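Q: Have a look at this fold, sequence not included:
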């Protein structure tokens, strides 16, 4: 705050001792110390109030930004909802359904032949749907083969 050197403070102390006298000097020094302490506490209180006010305004700005972004998100969601409602129905976009005839069987699960089968062996050569799916699953599995271990003589 104020820049006093040691010699200036010593000179002020000597002048105060001469003017006030040795009896009143401790009382005056205590009184001045109390007032300096009060002024310092008042200054720190004002500083803390100013920082609190600055933090409060920052928080208000953040709150306003959050409210604006939430409002924008709500508007975007409303627009998206309107777009979804104006789209065509979902079942119109589905691919065409497959029938059992596409898999080579009739409605009851019996195989369909292009011609009349001559023998029983031709009838039993057609795989059922379950066997077809099982063979597809088996073909899709990764094959684990053991690698041969090489042995070396020492």
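A: Right, received. Where do you want to start? Remember, it's a predicted structure, so these values are computed and weren't measured experimentally. Numbers count the residues shown, from 1 in each chain.
Q: what's the helix or strand for residue 77?
A: In the assignment (DSSP states H and E), residue 77 maps to helix 25-86.
Q: now for that helix, which elements pack on it?
A: Identification of packing neighbours for helix 25-86 by 3 or more Cβ pairs under 8 Å, 6 or more residues apart in numbering; DSSP states H and E yields helix 6-20. Backbone N, C-alpha and C define where each C-beta goes, glycine included.
Q: can you state the direction angle for the helix it packs on and helix 25-86?
A: Interaxial angle of helix 6-20 relative to helix 25-86 (axes from the mean of the first three to the mean of the last three Cα atoms, to 10 degrees): 120 degrees.
Q: By mean pLDDT, point me to the weakest helix or strand of the chain.
A: Ranked by mean pLDDT, DSSP states H and E, the weakest helix or strand in the chain is helix 120-124, scoring a mean of 52.
Q: who touches the next helix or strand along the chain from that helix?
A: Tracing the chain C-terminally past helix 120-124 and defining elements by DSSP H and E, one meets helix 129-140 next. By Cβ atoms under 8 Å, 6 or more residues apart in numbering, the list of residues contacting helix 129-140 from outside reads 103, 105, 109, 127.
Q: Identify the farthest-apart pair in those residues.
A: Farthest pair in the contacts of helix 129-140 (Cβ to Cβ) is 109 and 127. Separation: 11.8 Å.
Q: Neighbour count: those two, which is higher?
A: Each of residue 109 and residue 127 has its neighbours counted (other Cβ atoms under 10 Å); residue 127 has more, 14 against 11.
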